[in-house]
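Undergrad: Sequence plus predicted model, see below.
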Amino acid sequence: MFDRSSKSSTTYTTAAVDLVSELLLGMRLEGVRYRRVETRAPFGFRFETPYGRAQFHFVAHGTAHLRYADAMLLPLGCGDAIFMPRGGAHDLVSAPDEPSCDVDRFETETLCGNVDVTSACPAGCPDDESVLVFSACMNFDLGGMRPLIALMPEVMRADTLLARQPEIEPMLKAMERETCTPRAGSVGVMARLADVLAASIVRGWVECGGDNAVGWFEALRDPRLGRAIGALHRAPGRNWTVAELAAEAGCSRSMFAERFQTMTGQSPARYLAELRMRLATQWIEHERQPIDMIAQRLGYASQAAFSRAFKRITGQSPGMVRQAAGSRRAAE
């Protein structure tokens, strides 16, 4: 779980800072379904979030426990927010041993297209005993940085970042006000706050060193490798040679190739190929760009050459990805 001291910090090269900005700019929260849960103890809600869809929870009033990953428990108090970047089934319960029931089985009212209100609070429930939770389930994408999702902790907490990112606290307080005292447009405000808070949590994880992604972040902190990796991300369509990347890094070809492999676990050529396919997937799914245009942007001599490379690395053809993205949009 991401629970590192919020005072820890990481020093990055200018190229690395640019890559962190690219990560947040490429971050997409799509197909979001928001839910406001009103309840009181005892309660137990089961969230069957599909693996691969992210989940966000914010406790606006009262207390709860997050139960996940074979009965691991995380107490949540008023004002706490957590982000689960890979989703997965989990429970919000009033006590560690409280049984849970699928949240969709409770009485739910749809306020608008993508916002539900689930009520499991008996009539006459005192305000001081009520529990209010604002949740969101979404497709979470980091564009060209997509592999980082697999390296993120199962649960990421906002409260561990307050010392380093004090701007998070007023966001949490604003979410609490909007949830507890609904006003005109509260749902829209909550949705935007949730988006910004999720981005802040991800940035906090990056700035604290990235836990399991140590090798990747070590590469970014290295002044020489950071410059080369930044060059690859700025110009992914260029047919880079090891010699050109070594020149960007300011070292010999052999030293650069060996250090790149050691720090990232990949050769420069493999890193570039995978980066290109992640960008291509993003452009196909989200920007709906023509495949021949994508092939040209990424430096391929023909659409056929691009399609072969795409399938070799992703296991799917570009057309299959485009068709699947269209089906998802139609279902939303």
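TA: Looks like it came in fine.
Undergrad: how deep is the closest residue in space to Asp292 that isn't next to it in sequence tucked in, by neighbour count?
TA: For Asp292, ignoring the flanking residues on the chain, the nearest one in space by C-beta to C-beta, 6 or more residues apart in numbering is Gln303 at 4.6 Å. (C-beta placed from N, C-alpha, C; glycine too.) With neighbours defined by other C-beta atoms under 10 Å, the count for Gln303 comes to 16.
Undergrad: Is it correct that Gln303 is in contact with Ala295?
TA: Yes. Counting by C-beta atoms under 8 Å, Ala295 is a contact partner of Gln303 at 4.7 Å.
Undergrad: Quickly list what's touching both of those two.
TA: Shared contacts of Gln303 and Ala295, defined by C-beta atoms under 8 Å, 6 or more residues apart in numbering, are absent.
Undergrad: thinking again about what came up before, which pLDDT value goes with the residue nearest to Asp292?
TA: On pLDDT, Gln303 comes in at 95.
Undergrad: tell me the contacts of it?
TA: Listed by C-beta under 8 Å, 6+ apart, the contact set of Gln303 reads Ile291, Asp292, Ala295.
Undergrad: Give me the buried subset of those.
TA: Buried by 16 or more other C-beta atoms under 10 Å: Ile291, Ala295, out of the contacts of Gln303.
Undergrad: Can you list the buried residues in whichever strand or helix holds Ser254?
TA: Here Ser254, judged by DSSP states H and E, is contained in helix 253-264. Neighbour counts over helix 253-264 (16+ other C-beta under 10 Å) mark Phe256, Ala257, Arg259, Phe260, Met263, Thr264 as buried.
Undergrad: Next: stretch 285-299.
TA: For stretch 285-299, by 16+ other C-beta under 10 Å, it's Glu285, Ile291, Ile294, Ala295, Arg297, Leu298, Gly299.
Undergrad: Helices - which of those land there?
TA: Glu285, Ile291, Ile294, Ala295, Arg297 (DSSP state H).
Undergrad: what's the closest of the buried residues of helix 253-264 to Phe140?
TA: Using C-beta to C-beta, Thr264 comes nearest to Phe140 of the buried residues of helix 253-264, at 22.8 Å.
Undergrad: can you pull the contacts of the nearest residue to that closest one once chain neighbours are set aside?
TA: Excluding its sequence neighbours, the residue lying closest to Thr264 (C-beta to C-beta, 6+ apart) is Ala219, at 5.4 Å. Contacts here follow C-beta under 8 Å, 6+ apart; on that basis Ala219 touches Leu225, Gly226, Ile229, Phe260, Met263, Thr264.
Undergrad: what about Ala219, distance to Leu132?
TA: 43 Å (C-beta to C-beta, to the nearest Å).
Undergrad: same check, this time on Val115
TA: Val115 is 14 Å from Leu132, where distance means C-beta to C-beta.
Undergrad: Run through the strands of this protein in chain order.
TA: Assigned by DSSP state E, the strands in the chain fall at 28-40, 44-47, 53-61, 64-68, 72-76, 81-84, 90-93, 101-102, 108-112, 115-120, 130-141, 156-157.
Undergrad: Within the sheet, what are the partner strands of the fourth one, with directions?
TA: So the one you mean is strand 64-68. Sheet pairing here is set by DSSP bridges, and for strand 64-68 it gives strand 72-76 (antiparallel), strand 90-93 (antiparallel).
Undergrad: other SSEs contacting the longest helix anywhere in the chain?
TA: Looking across the chain with DSSP H, the single longest helix is helix 186-207. Here helix 186-207 touches helix 14-26, strand 28-40, strand 53-61, strand 81-84, strand 130-141, strand 156-157, helix 168-180, going by 3 or more C-beta pairs under 8 Å, 6 or more residues apart in numbering; DSSP states H and E.
Undergrad: Show me the shaky parts of the stretch 151-300 of the chain.
TA: By pLDDT under 70, the low-scoring segments of the stretch 151-300 of the chain are 180, 182, 209-217, 220.
Undergrad: One more pass at 80, please.
TA: The stretch 151-300 of the chain contains residues with pLDDT under 80 at 151, 159-165, 175-188, 190-192, 194-195, 198-199, 202-222, 286.
Undergrad: Ok, the stretch 1-150 of the chain next?
TA: Along the stretch 1-150 of the chain, the model assigns pLDDT under 80 to residues 1-32, 51-52, 69-71, 110-115, 120-129, 139-150.
Undergrad: Next up, the contacts around Met255.
TA: Ala246.
Undergrad: Neighbours of the residue lying closest to Trp240 once chain neighbours are set aside, how many?
TA: Nearest non-adjacent residue to Trp240, counting by C-beta to C-beta, 6+ apart: Leu272, 6.1 Å away. Neighbourhood size, Leu272 [other C-beta under 10 Å]: 21.
Undergrad: Kindly confirm whether my reading is correct that Leu272 touches Leu232.
TA: Yes. Counting by C-beta under 8 Å, Leu232 is a contact partner of Leu272 at 5.6 Å.
Undergrad: Tell me, how many residues neighbour Pro42?
TA: With other C-beta under 10 Å as criterion, Pro42 counts 10.
Undergrad: Pull the number of nearby residues for the closest residue to it other than its chain neighbours.
TA: Closest residue in space to Pro42, ignoring its immediate chain neighbours: Ser94 at 4.9 Å, by C-beta to C-beta, 6+ apart. As a burial measure, Ser94 scores 17 neighbours (other C-beta under 10 Å).
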